[in-house]
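Q: This is a predicted model, with the sequence first.
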Amino acid sequence: MTPTPIIVTGGAGFLGRQLCRRLAANGHQLKIIDLKPSPDYPTVIADVRDTERMRREVRDAELVFHLASLIEAGESVEKPARYIDYNIQGTVSVLEAMRYNQIRTLIFSSSAAVYGEPRRVPIKEDDVTLPINPYGVTKLAMEGLLSSYVSAYGFTGVALRYFNLYGPEEHHQPETHAIPRFIQQIYRGEEVTVWGNGQHRRDYVYISDVVAAHLLALEFTRRHHAEYHYFNLSTEQPASVLEIIGHLERIIGRSAQIKHFPGRPGDPLQLYADATKVRQAFEWQAATRLDEGLAATVRYFIHHWDDENTPGDTAGQHTP
Ligand SMILES: NC(=O)c1ccc[n+]([C@@H]2O[C@H](COP(=O)([O-])OP(=O)(O)OC[C@H]3O[C@@H](n4cnc5c(N)ncnc54)[C@H](O)[C@@H]3O)[C@@H](O)[C@H]2O)c1
């Protein structure tokens, strides 16, 4: 008998790749669905918005990790309709394909963006959710869709609200995410751009801890059928932008030429969460200290750039 696969939509992305490697290492059969190929595994190149295609692809699945999404909050302000289409329509399409095939477990990548400007920190899951950009709106809508499929069709759903993920293999074009951008700027001796005074505190969660949470969520769904749950994935130990830069200066051994720009609207001073709920539900907690996670991330990027500059090497295929 062919083993039933776990579907990972967005499995060629930053988190998806590392999740897939961990699932494969644990003996799971995988089917990756993405718009682009994963460098690690065969990939079904498909758009999750294509429901007919999704119906065929999810047919034999055990469950779905739904990571596929557009992910840039700033870009979503410029292109709200695109975000609604990709993220919300994409999720409806995956859920409908699952319903058609009677596959009922979905674990979903949500975001701190559902909270908007928090009224208090640390944020708890049942605090007000009032997104301040279309990206956050789509994540909240995607959660609402999942919870409605749990109520209406007996799905089992878990939404994991990540705060700031970071770690090796995080690449964006252009690089919009703070940690890879700071590493690049400090390493190359470029100006380090900081919006506001650098005192903004964020909750930086290391990628392998986030991956570990997905494995625990998978086990959790086997014990909690036909229920919907949502959890903050948080370290509970926020760090300011200037603290991050300080760590990176020590690790890289170069000082940062910081250039401050005016603060951005909709950039809360504090954004971090309480993780009691996920700790109690599946005994997850962030295990990686910030300085260790940053050191591993710096090692990866420096190795990656060195590979890029070495003739004959294939950039992007380096595994940390
Ligand atoms: N990186 C973070 O800090 C962060 C924080 C909160 C939430 N998240 C969420 O985590 C998930 C993974 O994020 P990531 O950082 O790995 O992003 P990523 O951009 O590296 O990965 C997303 C993947 O989804 C794919 N994709 C997008 N639209 C698709 C479509 N219509 N059909 C098929 N594939 C599609 C992309 O090609 C990409 O490979 C996303 O849902 C994101 O919103 C990320």
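A: Yep, it's here. Owing to the predicted nature of the structure, the values given are computational and were not obtained by experimental measurement.
Q: Quick one: residues contacting residue 102.
A: For residue 102, the contact set (Cβ atoms under 8 Å, 6 or more residues apart in numbering) is empty. For glycine as for every other residue, the C-beta is placed from the backbone atoms N, C-alpha and C.
Q: Residue 130: neighbour count?
A: By the criterion of other Cβ atoms under 10 Å, residue 130 has 14 neighbours.
Q: So it sits against residue 118, correct?
A: No. Contact criterion Cβ atoms under 8 Å: residue 130 and residue 118 do not qualify, at 9.5 Å.
Q: distance of residue 282 from the ligand?
A: 19 Å (Cβ to the nearest ligand atom, to the nearest Å).
Q: How about that residue: what's its closest non-neighbour residue?
A: residue 216 (4.1 Å; Cβ to Cβ, 6 or more residues apart in numbering).
Q: And residue 271, by the same measure?
A: Looking at residue 271 with Cβ to Cβ, 6+ apart, the closest residue is residue 202, at 5.5 Å.
Q: pretty sure residue 197 is in a strand, no?
A: No. Under the criterion used here (DSSP: H, G, I helix; E, B strand; the rest coil), residue 197 is coil, not part of a strand.
Q: distance of it from the ligand?
A: Per Cβ to the nearest ligand atom, residue 197 is found 23 Å from the ligand.
Q: In contact with that residue: list those residues for me.
A: 260, 263.
Q: how about 10 Å then?
A: For residue 197, the contacting residues are 240-242, 260, 263, 269, by Cβ atoms under 10 Å, 6 or more residues apart in numbering.
Q: now those in a markdown table, with neighbour count?
A: As requested, those are exported to a markdown table (neighbours: other Cβ atoms under 10 Å):
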| residue | neighbour count |
| --- | --- |
| 240 | 16 |
| 241 | 20 |
| 242 | 16 |
| 260 | 12 |
| 263 | 14 |
| 269 | 14 |
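Q: Most widely separated two among those?
A: Greatest spatial distance among these (Cβ to Cβ): 260 and 269, at 15.0 Å.
Q: How many residues are close by residue 45?
A: Neighbours of residue 45 under the rule other Cβ under 10 Å: 12.
Q: can you give me the helices for the stretch 1-150 of the chain?
A: With DSSP state H, counting those that start in this stretch, the ranges of helices along the stretch 1-150 of the chain come out as 14-25, 51-57, 73-78, 80-83, 90-101, 134-153.
Q: Only alpha carbons, please: show stretch 141-160 as PDB.
A: The C-alpha coordinates for stretch 141-160 follow below in PDB (Å, rounded to 0.1, in the frame of the first residue of the first chain):
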ATOM      1  CA  ALA A 141      -9.900  35.700   7.100                       C
ATOM      2  CA  MET A 142      -7.900  32.500   6.500                       C
ATOM      3  CA  GLU A 143      -8.300  31.600  10.200                       C
ATOM      4  CA  GLY A 144     -12.000  32.400  10.000                       C
ATOM      5  CA  LEU A 145     -12.400  30.100   7.000                       C
ATOM      6  CA  LEU A 146     -10.600  27.300   8.700                       C
ATOM      7  CA  SER A 147     -12.700  27.700  11.900                       C
ATOM      8  CA  SER A 148     -15.900  27.700   9.800                       C
ATOM      9  CA  TYR A 149     -14.900  24.500   8.000                       C
ATOM     10  CA  VAL A 150     -14.300  23.000  11.500                       C
ATOM     11  CA  SER A 151     -17.800  23.900  12.500                       C
ATOM     12  CA  ALA A 152     -19.600  23.200   9.300                       C
ATOM     13  CA  TYR A 153     -17.800  20.100   8.000                       C
ATOM     14  CA  GLY A 154     -16.100  18.600  11.000                       C
ATOM     15  CA  PHE A 155     -12.600  19.600  10.000                       C
ATOM     16  CA  THR A 156      -9.700  19.600  12.500                       C
ATOM     17  CA  GLY A 157      -7.800  22.900  12.400                       C
ATOM     18  CA  VAL A 158      -4.800  24.500  14.000                       C
ATOM     19  CA  ALA A 159      -3.600  28.000  13.300                       C
ATOM     20  CA  LEU A 160      -0.100  28.900  14.400                       C
END
